[in-house]
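Colleague: fold the following.
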Amino acid sequence: MYDLIILGAGPAGLTAAVYAARYKLNTLVIGKINGGMISEAYEVCNFPTYDRVLGSELTKKMIDQVKKLNVEIKNTDISDIQKKDSQFILKSSTEEFKTKKLILAIGTERLKLNVPGEKEFLGKGVSYCATCDAAFFKDKTVAVVGGSDAALTAALLLSEHAKKVYIIYRQKKFSRGDPTWIEQVEKNKKITPLFEDNISEIYGEKIVKGTKLESGKDIKLDGVFIEIGSKPCDSLPKNIGIKTNEKCYIIVNEKKETNIKGVFAAGDATNNSLKQAVTACADGAIAAYSAYLEISKEK
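Modeller: Numbers count the residues shown, from 1 in each chain. Model prediction:
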């Protein structure tokens, strides 16, 4: 029986683990993707102590810190959560874990375009991670779909490898991104924005050959990088009756408590207004502290 299980190994979960270790809680972190989405970030320029840092480097430092504190990080998928009396049972396909308190730092999952060819060509020219796959498109022509910071930084990274980068965005201009990224994209001669348009089909043979747009345009290219946002992973919270808002984000109070006693939530999966690594870290610290106080009162 653990004092605390933290579900999720992104900035929120890893920070919660650091604080839990300092509070001497018997803690387990469970996370299929160590580092969460931040590990795929091209550059992080708004994290304290760093002017700029690769997402993968920031992730590694967080994971190393947790391991130095002797907190186990288990790389597995949890398929079910059950509440039995005052404890919680988490189940994977092969194991079962029991805990007194639970922090959900489960993050979000990437949105799909849901157009013909997207699923068929995944890994064959379609990607959701420029950081992972940009190097495979040296001297190729690619497209990025989206207009957020993630899309803009993906385009900038791809421009270091590809000969041509399109940004396909349904709005009239870049209105959601950081002005610094927008300025860099606009100055980059390899990048061409296509506004007020969207992909209707991705086609090819064994690999991607091109894409058709809603405007009727047909663009020959070698890769499509989809960066249209994310949505909360809401199936597990619903299993134990955790309340979510109309967009399926977990509702928490200032202590990061959910409506279920003993369950806390932190990071991008919650109803916080700002989804950033630094705010996720703050959430994780608060959630771990709240869990510690609850455990202390029950002793």
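
Colleague: if I've got this straight, Ala17 is in a strand?
Modeller: No: using DSSP: H, G, I helix; E, B strand; the rest coil, the secondary structure at Ala17 is helix, not a strand.

Colleague: please list all residues in contact with it.
Modeller: Ala17 sits next to Ile6, Thr27, Val29, Val66, Leu69, Val71, Ile73, Gly284, Ala288 when contact means CB atoms under 8 Å, 6 or more residues apart in numbering. (Glycine included, C-beta is placed from N, CA and C.)

Colleague: give me the subset of these that lies in helices.
Modeller: Members of the contacts of Ala17 lying in helices (criterion: DSSP state H): Val66, Gly284, Ala288.

Colleague: most surrounded residue in the contacts of Ala17?
Modeller: Using other CB atoms under 10 Å as the neighbour test, the contacts of Ala17 are led by Ile6, with 34 neighbours.

Colleague: any idea how far it is from Glu246?
Modeller: 27 Å (CB to CB, to the nearest Å).

Colleague: what residues sit buried inside the lowest-mean-pLDDT helix or strand in the chain?
Modeller: Lowest by mean pLDDT, DSSP states H and E among the helices and strands of the chain is helix 235-239, with a mean of 77. Using 16 or more other CB atoms under 10 Å as the test for burial, helix 235-239 gives Leu236, Pro237.

Colleague: helices or strands up against it?
Modeller: When contacts are defined as 3 or more CB pairs under 8 Å, 6 or more residues apart in numbering; DSSP states H and E, helix 235-239 sits against strand 80-84.

Colleague: which strands and helices sit next to the strand it packs on?
Modeller: strand 87-91, helix 235-239.

Colleague: buried ones in the strand or helix carrying Leu152, by neighbour count?
Modeller: Counting by DSSP states H and E, the element that carries Leu152 is helix 149-159. Buried residues in helix 149-159, counted by 16+ other CB under 10 Å: Asp149, Ala150, Ala151, Leu152, Thr153, Ala154, Ala155, Leu156, Leu157, Leu158, Ser159.

Colleague: on that earlier part again, nearest to Gly229 among the ones in helices among the contacts of Ala17?
Modeller: For the ones in helices among the contacts of Ala17, the closest approach to Gly229 (CB to CB) belongs to Gly284, at 22.3 Å.

Colleague: could I get the contacting residues of that closest one?
Modeller: Shown in contact with Gly284 (CB under 8 Å, 6+ apart): 6, 11-17, 19, 103, 105, 266-267.

Colleague: so how far is Pro232 from the most centrally placed residue in the chain?
Modeller: Residue closest to the average C-alpha location in the chain (CA atoms, centre = their mean): Met37, at 3.1 Å. Separation of Met37 from Pro232 (CB to CB): 12 Å.

Colleague: list residues touching both of those two?
Modeller: Joint contacts of Met37 and Pro232 (CB under 8 Å, 6+ apart) are Thr108, Asp268.

Colleague: report pLDDT for Asn272.
Modeller: We have a pLDDT of 87 for Asn272.

Colleague: surely it and Asp283 touch.
Modeller: Yes: with contact defined as CB atoms under 8 Å, Asn272 reaches Asp283; the gap is 6.8 Å.

Colleague: more neighbours: which of the two?
Modeller: Shown here are Asn272 and Asp283; by other CB under 10 Å, Asp283 has more neighbours (27 against 20).

Colleague: which pLDDT value goes with the spatially closest residue to that one that is not a sequence neighbour?
Modeller: Using CB to CB, 6 or more residues apart in numbering and skipping the chain neighbours, the partner closest in space to Asp283 is Ala266 (3.6 Å). If you check Ala266, the pLDDT there is 97.

Colleague: give the burial count for Ala266, as a bare number.
Modeller: Ala266, neighbours per other CB under 10 Å, totals 34.

Colleague: wait, doesn't it sit right on Pro11?
Modeller: No: using CB under 8 Å, Ala266 is not in contact with Pro11, being 9.1 Å away.

Colleague: shared neighbours, the two?
Modeller: Contacts common to Ala266 and Pro11, judged by CB under 8 Å, 6+ apart, are Ala280, Gly284.

Colleague: low-confidence ranges, this structure, go.
Modeller: Where the chain drops to pLDDT under 70, the residues are 33-34, 42, 234-235.

Colleague: since that was my last question, I'll sign off now.
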